[in-house]
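1. Next comes the sequence, and after it the predicted model I'd like to discuss.
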Amino acid sequence: MVYRPDIVGALLACVLFAALHFGIPLLKKLDRDSSDEISQENVCEFIEIFLLGTNAGLTKLETLNLVVETSAGPLPGEIAEVITRCNLGISLVTSLGYTATKYPKLANAIRTISRSELTGGPITEALELELTLTQAQSANDALRRVRSLSVKCVLPLGLCFLPAFFLLTIVPIVASMLPKIFSTMP
């Protein structure tokens, strides 16, 4: 049996193609975030802007307008809908409730704002606590993603490097030993 580099190269190319063809879409599917989903960072930004507006003496609707003007992502469009519903006569609590059901990550902040709207109580301390909790949860999520990265990095190793190692080192050694083994057999 003769070692043929062209066959080994073709096999290596097939293995690399399969790894790239099937592995990359799988990794993209694992990391894909919906563009409509509000991230923890968006929630933190919403709470920070709401705190700024509240501490500046703005009303809740004026603060929501400030959120629309200054924040990024899918949040300004949703908050603009809240303001539109309020301008049409729906209460702020009800309008925010629709948003809380659509975006569960905003539910705790909206619950705090709604409670303050209903009771007339202070909102600053409760929102600061909510901001601290949301930032801690965001940091924990980032740490969890970093920890899962090592598992995802093993996929290219298993699909690309190990078969190539096997084809380029083990197969030629075994192929060169086969004639000796067959010649010693009676």
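-> Cool, got the structure. Numbering: from 1, shown residues only.

2. Which residue comes closest to residue 38 once chain neighbours are left out?
-> residue 103 (4.8 Å; C-beta to C-beta, 6 or more residues apart in numbering). No exception for glycine: its C-beta is placed from N, CA and C like everyone else's.

3. Near that neighbour, how many other residues are there?
-> Neighbourhood size, residue 103 [other C-beta atoms under 10 Å]: 20.

4. quick one: it from residue 164, how far?
-> Per C-beta to C-beta, to the nearest Å, residue 103 is found 46 Å from residue 164.

5. quick one, domains of this protein?
-> 5-33+149-181, 40-142 (automatic domain parsing).

6. How far does the longest one sit from its chain's centre?
-> Okay, so that is domain 40-142. Chain-centre distance of domain 40-142: 22 Å, with C-alpha atoms, centre = their mean, to the nearest Å.

7. Averaged pLDDT, that domain. What do you get?
-> Mean per-residue pLDDT for domain 40-142: 91.

8. ditto for the first one
-> Model confidence over domain 5-33+149-181 averages 76 on the pLDDT scale.

9. so where's the longest helix in this structure?
-> Looking across the chain with DSSP state H, the single longest helix is helix 124-156.

10. Show me what that helix is packed against.
-> Under the contact criterion of 3 or more C-beta pairs under 8 Å, 6 or more residues apart in numbering; DSSP states H and E, helix 124-156 touches helix 5-31, helix 40-55, helix 107-119.

11. before we move on, the earlier item: thinking the residue nearest to residue 38 is in contact with residue 78, fair?
-> Yes: counting by C-beta atoms under 8 Å, residue 103 does reach residue 78; the two are 6.8 Å apart.
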